[in-house]
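here is my input; please provide its structure:
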Amino acid sequence: MRSIDDIDYGTPAIQSLDSLKLVSLEIDGTPVKVPAGTSVMRAAATNRIDIPRLCATDTLDAFGSCRLCLVQIEGRKGYPASCTTPVAEGMRVSTQSAKLTEIRRGVMELYVSDHPLGCVGCAPGGRCELQEMAAVVGLESNRYGFDGAKRFAPIDASNPYFRFDPSQCIVCSRCVRACDDVQGTFALTIEGRGFDSRVVASQDESFLESECVSCGACVQACPTTALLEKSVIEKGQAERSVVTTCAYCGVGCSFRAEMRGEEIVRMVPHIDGKANHGHSCVKGRFAIGYATHGERITKPMIRAKISDPWKEVSWEEAIAHTASEFRRIQAEHGRDAIGGITSSRCTNEETWLVQKLVRAAFGNNNVDTCARVCHSPTGYGLKATLGESAGTQDFDSVEEADVIFVIGANPTDAHPVFASQMKRRLREGARLIIADPRSIDLVRSPHVQADFLLKLKPGTNVALLNALAHVIVDEGLADEAFVALRCEPEAFAKWKTFVGNERNSPEATEADTGVPAAQMRAAARLFATGGNAAIYYGLGVTEHSQGSTAVMAIANLAMLTGNIGRRGVGVNPLRGQNNVQGSCDMGSFPHELPGYRHVSDSTVRGTFEHDWGVTLLAEPGLRIPNMFEAALDGEFKGLYVEGEDIAQSDPNTQHVTAALSAMQCIVVQDLFLNETAKFAHVFLPGSTFLEKDGTFTNAERRISRVRRVMQPVAGYADWEITQLISNALGYPMNYTHPSEIMDEIARLTPTFAGVSFARLDELGSIQWPCNAAAPDGTPTMHVDEFVRGKGRFMLTEYVPTTEKVNAKYPLILTTGRILSQYNVGAQTRRTPNTVWHGEDLLEIHPHDAEQRGIEDGDWAGIASRAGETVLRAQISERMQPGVVYTTFHFPFSGANVITTENSDWATNCPEYKVTAVEITRVTEPSDWQQRYRAFSKVQQQLLRERRKSKEPAPL
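Modelled structure (predicted):
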């Protein structure tokens with residue numbers, strides 16, 4: 001339980017106390033001044049007067065059900081609940097009296113009849129709010145005994161992460177309200193009345209079988225141990241905790257990692273986390289078992305050929321071997337024959353060092369990042385239109401949105417904590433427009449219904465966005481005053497003529513998009529006239545041949561309607577991985593130095609040269625696809641890959657693995673022997689986010705601290721390994737702590753100028769730009785003017801993808817993610833999350849399935865122009881006829897075996913979302929899957945041979 005100073009019971013959301021009228025009152029004879037609207041309970045807490053409570057928490061709205069927080073107010077009848085009673089001028093409140101004590105003890109007796117004092121079910125050393133409150137009111141026994149039916153109710157241990165013990169439940173409704181108000185799933189309810197009332201999941205199902213999404217909000221809200229983490233039951237209470245930042249999606253939730261020595265007990269969402277406000281999802285809260293999984297590699301390994309067994313070596317030998325091989329390759333094949341790939345799963349500091357290693361020690365610009373294959377079009381499109389390669393708002397901005405436009409994103413699965421915040425705003429009355437080829441969960445969920453589902457054909461985002469803009473221009477709905485004040489007039493005039501052309505009308509584009517013209521017109525009117533309108537988009541926008549064009553079209557739409565530069569509006573890219581934004585900020589692209597400044601800029605380059613003591617190249621290096629092509633041409637021979645699995649995540653797997661096979665030295669630095677490591681010659685064991693210090697930057701540009709909670713099991717954090725390689729190559733790096741790396745980042749990157757570990761510890765987190773003009777950061781960008789000065793409207797001609805359906809390949813495959821799994825699944829596949837999603841499935845519309853004789857659960861062969869694979873079919877009305885869908889979390893599924901090399905015209909971001917395929921009913925794996933299985937067996941045998949050696953086996 002938190003102290004009363006930390007808990008907010010009914011305080012209104014305020015920017016400044018000075019902006020509200022203060023109310024004077026008296027509580028237990030003490031004068032108090034608080035803002036109008038403050039609850040009596042909160043007013044008492046601000047003066048360190050603690051009122052007994054059970055239903056009031058720091059994450060739920062005041063409810064007034066427990067009747068423990070009753071007070072007496074002079075001149076009023078009865079005993080009102082202090083958590084729901086607002087203060088009033090001159091009010092005189094008594095929180096303690098003989099009568100209040102009598103009432104509270106009577107209430108508490110009823111509670112402990114459902115949950116006996118001194119029960120044996122609590123975890124060792126655990127704290128129970130019920131027992132604490134019983135002590136506060138002086139209750140040691142009760143008159144009613146403990147003979148109710150719940151005493152014998154069976155424990156529900158179906159969920160892999162927590163259990164529900166009805167015998168310890170006091171039916172306080174906190175879990176139900178947490179599920180409703182915080183998560184928005186409405187999976188729990190109270191059934192029955194009086195002593196027969198009980199908490200049930202869905203239609204009285206087990207937690208595992210119910211609609212519960214295992215976010216843990218109910219567990220966190222429970223005042224007893226009726227809902228409790230299994231890890232706490234098994235390990236007991238934690239001895240210490242460390243606040244850190246989640247390493248899953250781009251929301252960047254803050255957690256308290258609770259520890260016993262070097263063992264993690266549980267992750268508890270941090271109430272002061274500005275991205276998550278004390279909420280979490282199943283991955284961040286529970287799916288952490290991968291950190292101590294037995295398959296983690298904990299010793300460096302080398303081999304001469306990928307057909308050789310791995311040989312465990314010391315760190316010194318592994319680093320020396322890596323440096324020797326890279327020097328040899330450059331001596332034989334030239335300076336540009338090697339490069340590096342950074343990861344969005346690594347910290348800003350680690351990413352900074354990798355790109356510095358490539359530029360300063362390798363002597364070239366051959367550095368790229370996994371953002372290439374997800375959000376590189378965001379950087380290009382927003383830089384061209386608004387002047388900065390990032391989203392414009394903080395997450396809390398959605399609370400002031402009147403219209404929410406979600407395009408190419410699935411927040412409930414990919415960004416669930418932010419989705420809960422979005423759903424709260426929708427339940428309050430905001431309108432919703434969704435553009436997606438598939439009916440995502442957000443279309444219809446409890447108390448949320450999309451006003452428009454624009455179920456477009458994959459690959460037609462630009463046509464749809466142009467059509468919406470056409471309606472707004474054609475019907476005179478544009479914010480002409482905003483455009484005249486804030487945007488380049490010549491560019492706007494040219495764009496207005498372009499978008500106003502009849503070929504961009506809903507009627508003209510209806511055949512391309514598949515969306516009825518009337519729907520497009522109505523959605524455009526709502527967006528333009530519905531008040532504050534905010535756009536949220538994801539990989540369904542960027543991972544197309546026109547990904548950059550679509551991002552520019554989104555920015556055009558926001559500028560056209562004046563929906564930028566204030567709260568409740570804006571252009572909001574939902575980043576897929578935890579540090580996609582940061583990996584881009586740190587200069588991971590081959591054409592940009594940190595801060596999105598081109599390598600050809602001699603002034604910028606000179607700043608880095610002076611600080612780093614080397615001469616830097618002015619020409620861009622190789623992108624990831626260029627590296628593959630150069631490898632196949634015999635010109636690119638060595639690659640350092642930190643925390644990324646390109647063999648599984650990049651498109652056209654057979655092309656990627658052929659390129660990897662052509663290289664002479666691949667160095668993989670990761671937690672597990674992933675798919676890329678099968679082609680590696682050096683494996684350097686990496687560290688999890690729990691084993692390092694640093695920072696992540698989330699989708700709202702929020703820089704948050706990552707703090708070490710346990711020692712690296714392999715001996716080094718990732719930044720230390722990169723430093724060792726650089727030193728072995730002859731370029732000295734001598735950092736003693738990641739805070740020193742951040743100091744260098746701040747010194748050389750204007751948008752990070754005011755950022756330091758000390759400042760982050762003081763403020764909790766900071767949204768860049770953070771500099772002299774914005775010392776506390778920038779929640780909303782482009783407020784008075786755009787970063788580039790005037791906003792620039794860009795022409796966004798719709799160019800259909802070259803990936804066409806035909807008689808041989810009549811269906812379109814599109815891809816996405818699912819709640820319980822993450823990216824290539826390296827982490828989540830090694831946790832109990834596989835209970836919910838143990839394989840990648842192929843969703844197919846009933847009509848398409850019936851035509852092909854495919855039934856639910858059948859094996860379906862999928863053939864494209866790039867390759868073939870086999871997946872289990874899932875018949876789903878969520879799909880539209882002609883479109884099928886799968887995820888890419890399991891390597892054996894081979895989802896990227898069938899995706900093609902088509903990519904965005906500006907950034908080479910792969911067109912994952914549009915692949916022409918045919919589906920047939922089959923009974924055995926594809927040829928590729930059989931080769932994969934055979935190759936994997938060989939690699940596992942090589943690993944077993946390593947383990948039989950005299951060297952100690954890894955964890």
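
burial check on Ala533, number of neighbours?
Residues near Ala533, counting by other CB atoms under 10 Å, number 26. Where you see a C-beta, it was placed from the backbone N, CA and C, and this is true even at glycine.

contact partners for it?
Counting by CB atoms under 8 Å, 6 or more residues apart in numbering, Ala533 touches 401-405, 527, 558, 561, 563, 569.

just the buried residues from these, in ChimeraX please.
Selection of buried members from those for ChimeraX, criterion 16 or more other CB atoms under 10 Å:
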select :401,402,403,404,405,527,558,561,563,569
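
mind listing which of the contacts of Ala533 are in helices?
In this view, the contacts of Ala533 that belong to helices under DSSP state H are 527, 558.

what is the nearest of the contacts of Ala533 to Ser420?
Ile404 (13.7 Å; CB to CB).

list the contacts of the closest one.
398, 422, 425-426, 430-433, 533-534, 536.

need those residues in JSON lines (columns: secondary structure and pLDDT).
Shown next, in JSON lines, are the contacts of Ile404 (DSSP: H, G, I helix; E, B strand; the rest coil; pLDDT from 0 to 100):
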{"residue": "Val398", "secondary structure": "helix", "pLDDT": "97"}
{"residue": "Met422", "secondary structure": "helix", "pLDDT": "97"}
{"residue": "Arg425", "secondary structure": "helix", "pLDDT": "97"}
{"residue": "Leu426", "secondary structure": "helix", "pLDDT": "97"}
{"residue": "Ala430", "secondary structure": "coil", "pLDDT": "98"}
{"residue": "Arg431", "secondary structure": "strand", "pLDDT": "98"}
{"residue": "Leu432", "secondary structure": "strand", "pLDDT": "98"}
{"residue": "Ile433", "secondary structure": "strand", "pLDDT": "98"}
{"residue": "Ala533", "secondary structure": "strand", "pLDDT": "98"}
{"residue": "Ala534", "secondary structure": "strand", "pLDDT": "98"}
{"residue": "Tyr536", "secondary structure": "strand", "pLDDT": "98"}
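
how many residues are close by Phe418?
28.

one more: the one 4 residues further on?
Using other CB under 10 Å, Met422 is surrounded by 26 other residues.

one more: Trp310?
By other CB under 10 Å, neighbour count at Trp310 equals 26.

that one touches Met301, doesn't it?
Yes: with contact defined as CB atoms under 8 Å, Trp310 and Met301 form a contacting pair (4.2 Å).

how far away is the closest residue to Ala860 other than its chain neighbours from Val914?
Leaving aside its chain neighbours, Ala860 sits nearest to Ala873 (4.3 Å; criterion: CB to CB, 6 or more residues apart in numbering). For Ala873, the distance to Val914 equals 21 Å [CB to CB, to the nearest Å].

of the two, give the one with the bigger neighbour count.
Val914 (27 against 23).

which residues does the residue nearest the centre of the chain contact?
Taking CA atoms, centre = their mean, the centroid of the chain lies closest to Cys249, which sits 2.1 Å from it. Going by CB under 8 Å, 6+ apart, Cys249 touches 281, 283, 414-416, 575-578, 822.

weed out the non-buried ones from the contacts of Ile404.
398, 422, 425-426, 430-433, 533-534, 536.

with distance to Pro685 as extra columns, can I get these in CSV?
As requested, the buried ones among the contacts of Ile404 are arranged in CSV below (distance: CB to CB, whole Å):
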residue, distance to Pro685
Val398, 40
Met422, 39
Arg425, 43
Leu426, 44
Ala430, 47
Arg431, 50
Leu432, 45
Ile433, 47
Ala533, 48
Ala534, 42
Tyr536, 37
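
closest to Met552 out of the residues you listed?
Tyr536 (16.6 Å).

check whether the closest one really touches Leu574, as I assumed.
Yes: Tyr536 lies in contact with Leu574 (CB under 8 Å); the separation is 5.8 Å.

can you list residues touching both of the two?
Here Tyr536 and Leu574 have 409, 411 as joint contacts, going by CB under 8 Å, 6+ apart.

reformat the contacts of Ala533 as JSON lines; add distance to Gln940.
Below are the contacts of Ala533 laid out as JSON lines (distance: CB to CB, whole Å):
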{"residue": "Ala401", "distance to Gln940": "50"}
{"residue": "Asp402", "distance to Gln940": "55"}
{"residue": "Val403", "distance to Gln940": "53"}
{"residue": "Ile404", "distance to Gln940": "47"}
{"residue": "Phe405", "distance to Gln940": "47"}
{"residue": "Phe527", "distance to Gln940": "53"}
{"residue": "Ala558", "distance to Gln940": "51"}
{"residue": "Thr561", "distance to Gln940": "56"}
{"residue": "Asn563", "distance to Gln940": "54"}
{"residue": "Val569", "distance to Gln940": "52"}
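
out of the contacts of Ala533, the closest to Gly387 would be?
Distance to Gly387 across the contacts of Ala533 (CB to CB) is lowest for Ala558, with 13.5 Å.

confidence score at the closest residue to that closest one other than its chain neighbours?
Nearest non-adjacent residue to Ala558, counting by CB to CB, 6+ apart: Ile564, 4.7 Å away. Per-residue confidence (pLDDT) for Ile564: 97.

got it, and Leu465?
So, for Leu465, pLDDT stands at 98.

list the buried residues of the strand or helix carrying it.
Under the criterion of DSSP states H and E, Leu465 resides in helix 461-474. Buried residues in helix 461-474, counted by 16+ other CB under 10 Å: 461-474.

and it, what other elements does it pack with?
Contacts defined by 3 or more CB pairs under 8 Å, 6 or more residues apart in numbering; DSSP states H and E place helix 461-474 against helix 489-500, helix 506-513, helix 517-529, helix 547-560.

okay, those helices, which one's buried deepest?
By mean neighbour count, with neighbours taken as mean count of other CB atoms under 10 Å, helix 547-560 ranks first of the helices and strands packed on helix 461-474 at a mean of 28.

give me the angle between that helix and helix 489-500.
Going by axes from the mean of the first three to the mean of the last three CA atoms, to 10 degrees, helix 547-560 is angled at 110 degrees with respect to helix 489-500.

now the angle from helix 547-560 to helix 461-474?
Put simply, helix 547-560 runs at 20 degrees to helix 461-474, going by the same axes, to 10 degrees.

and helix 547-560, average pLDDT?
98.

now do it: which elements does it pack against?
Right, helix 547-560 is packed against helix 376-385, helix 461-474, helix 480-486, strand 533-537, helix 539-542, strand 570-573 by 3+ CB pairs under 8 Å, 6+ apart.

redo that, cut-off 7 Å
helix 376-385, helix 461-474, strand 533-537, helix 539-542, strand 570-573 (3 or more CB pairs under 7 Å, 6 or more residues apart in numbering; DSSP states H and E).

rewinding a little: how close does the residue nearest to Ala558 sit to Asp784?
12 Å.

which of these two has more neighbours?
Per other CB under 10 Å, whichever of Ile564 and Asp784 has more neighbours is Ile564, with 28 against 6.

check contacts around that one.
392, 558, 570-571, 782 (CB atoms under 7 Å, 6 or more residues apart in numbering).

format those residues as TSV; extra columns: distance to Ala45.
Listed next are these as TSV, based on distance: CB to CB, whole Å:
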residue	distance to Ala45
Thr392	36
Ala558	41
Gly570	35
Val571	40
His782	39
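
and the angle from the helix holding Leu465 to helix 517-529?
Interaxial angle, helix 461-474 versus helix 517-529 (the same axes, to 10 degrees): 60 degrees.

how far away from the center of its chain is stretch 846-855?
35 Å (CA atoms, centre = their mean, to the nearest Å).

can I get it in CSV, CA atoms only?
Extracted in CSV, the C-alpha atoms of stretch 846-855 (Å, rounded to 0.1, in the frame of the first residue of the first chain):
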residue,chain,number,x,y,z
PRO,A,846,-15.4,-18.2,-45.2
HIS,A,847,-16.1,-17.6,-48.9
ASP,A,848,-12.4,-18.0,-49.9
ALA,A,849,-12.1,-21.0,-47.7
GLU,A,850,-15.2,-22.7,-49.1
GLN,A,851,-14.0,-22.2,-52.6
ARG,A,852,-10.8,-24.0,-51.8
GLY,A,853,-12.3,-26.7,-49.6
ILE,A,854,-10.5,-25.5,-46.5
GLU,A,855,-12.1,-25.9,-43.1
